[in-house]
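Engineer: Sequence and predicted structure below; questions after.
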Amino acid sequence: MNTPTVARPMSLQHRLLAQGATVAAALSLSACAGPGPRPSAELASAQASISQADSAGASTQAPVDLLAAREKLGQAEAAVRDERYMQARMLAEKAQADAEVAERRTRAAKAQTAVTELMRSNEALRSEMLRKAP
């Protein structure tokens, strides 16, 4: 008897690996096509993602990921100055992915803090109720 399989969502690491493999394949296929267009949109998206992560509090909750995003964006900007657009595009996409990871980690940490606070509050209420019970 065949049992149906349930598709599970990909983990963040698997998605990032898949994105990396896709980018590597695209770069390999386009290596002979010349430098291509300036990656202005990719740079803007990466910068926006970094700003969003920073606004979410990633500088305190996920500083390593945020720093990695900023460094890759800086490398992407340097690659643009050298007209290495394919490399710049790849670095900008990686910077955006790092910034998104930083933001998600920050939001997860904040959610966990909120859960912990609610659990403490519930326990305090429970203790209060037991104390006042006849």
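Structural biologist: Received, thanks.

Engineer: The helix ranked longest in the chain - what's its average pLDDT?
Structural biologist: In the chain, with assignment by DSSP state H, the single longest helix is helix 85-132. The average pLDDT for helix 85-132 rounds to 93.

Engineer: Now Ile50: closest residue in space that isn't a chain neighbour?
Structural biologist: Nearest residue to Ile50, sequence neighbours excluded (CB to CB, 6 or more residues apart in numbering): Ala99, at 4.5 Å. In short, each C-beta sits where N, CA and C put it, glycine included.

Engineer: Next, count neighbours for the one you found.
Structural biologist: Neighbours of Ala99 under the rule other CB atoms under 10 Å: 30.

Engineer: Three-state assignment for Pro37, please.
Structural biologist: Secondary structure, DSSP: H, G, I helix; E, B strand; the rest coil: Pro37 is coil.

Engineer: From Asp82, how far out is it?
Structural biologist: Noted for Pro37: a distance of 15 Å to Asp82, by CB to CB, to the nearest Å.

Engineer: now swap in Lys110 and tell me
Structural biologist: Taken as CB to CB, the span from Lys110 to Asp82 is 39 Å.

Engineer: So the two - more neighbours on which side?
Structural biologist: More neighbours surround Lys110 than the other of Lys110 and Asp82, with 13 against 10 (other CB under 10 Å).

Engineer: quick one: that one and Ala62 touch, right?
Structural biologist: No: using CB atoms under 8 Å as the test, Lys110 is too far from Ala62 to be in contact (10.8 Å).

Engineer: Kindly provide the whole-number mean pLDDT of the strand or helix carrying Ala41.
Structural biologist: Element membership for Ala41, per DSSP states H and E: helix 40-56. Predicted confidence along helix 40-56 averages 97 (mean pLDDT).
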